[in-house]
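Student: One predicted model, sequence on top.
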Amino acid sequence: MTARWVVDEVAPQRDLNLIWQPISLLFKNEPAPDSEYYDGAMVGHRMLRVMEAIRTELGDAAVFDWYWQCGTRLHHDSDRETPLADLLEHIGLDRNYAEAADDEAWDAEIRTRMDAGLELVGSDVGTPIIAFRCADGTKRGIFGPVITKVPDREQSLRIWDAMETFTTMDGFWELKRTRTERPEFGTRPNV
C-alpha cells in the first residue's frame, strides 16, 4: 500500500527520485524451513534475486516494472504460482532473468542493499523504509508509513511532507499504533 501511495499520489506532485531496494523477509526474519512462513518468504526472496539480476543489466529504472508486476500478482491476484518467466515476458523483459530466482549468487547483493537500508533506520523495523535527504546532505530513513488504503491526493501530500519533516528532524524516532484492519489494495494496476 505504501508503494501505491508513493507512486500514485505523491511522486506525481513531488520531485522524487524513487529507487526500489530489496528487503528480504527470508533474511530479516530467518524463518525455519519447516515454518509456516518459510515458503512465503522464499517466494519473495526468489523475486528479489530476479530484481537484482534486472538491476545489474538494465539499471534502477527497469526494477520498478518488475516490482510492480510482482506486487500486483501477489497482493491483488494472490498468485504465487505463475512462473516468473511468464511475469517477465508480460512486462517485456527477457524470460531468462527468471534463472536468477534459484541462483544464490544474488544473495550477497540483496544482503548488501538491505543492510544499507537498515543502516538508515536500525534493525528493529520491517518494511517499508523510506529515506530522505537532510539539510546537511546526509540521508536518514524511517520505517513506514504502514497504511491500509491510499489516502486522497491532498492527504497523501500532507502525510509525505510530515514524514519528511519528522524524519529529517534531529531527535525524532517513531510514531506507532496497533493496526486493526487489513490492507485494501484498491483497483488492480493494469500491468
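Tutor: Received the coordinates, thanks. Please read all numbers here as calculations on a predicted model, not as lab measurements.
Student: so where's this protein uncertain?
Tutor: Within the chain, not a single segment meets pLDDT under 70.
Student: Next, please give the residue ranges for the helices of it.
Tutor: Listed from the start of the chain, the chain has helices (DSSP state H) covering 2-4, 25-29, 38-58, 60-71, 84-90, 107-121, 153-168.
Student: For the last one, buried residues please.
Tutor: Using 16 or more other CB atoms under 10 Å as the test for burial, helix 153-168 gives 156, 159-160, 163-164, 167-168. Just so you know, the C-beta spots here come from the backbone N, C-alpha and C atoms, and that holds for glycine as well.
Student: Distance to Glu109 for these - can I get that in CSV?
Tutor: Written out in CSV, the entries for the buried residues of helix 153-168 read as follows (distance: CB to CB, whole Å):
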residue, distance to Glu109
Ser156, 32
Ile159, 31
Trp160, 29
Met163, 28
Glu164, 28
Thr167, 26
Thr168, 28
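Student: Just the closest of the residues you listed to Ile54, please.
Tutor: Trp160 (27.2 Å; CB to CB).
Student: can you tell me which residues contact Val121?
Tutor: If you count contacts by CB atoms under 8 Å, 6 or more residues apart in numbering, Val121 has them with 129, 141-143.
Student: now Pro189
Tutor: For Pro189, the set of contacting residues under the criterion of CB under 8 Å, 6+ apart consists of 4, 68, 72, 76.
Student: What of His90?
Tutor: Neighbour list for His90: 69, 191 [criterion: CB under 8 Å, 6+ apart].
Student: switch to 7 Å and redo it
Tutor: Contacts of His90 were listed using CB atoms under 7 Å, 6 or more residues apart in numbering, and they are Gln69.
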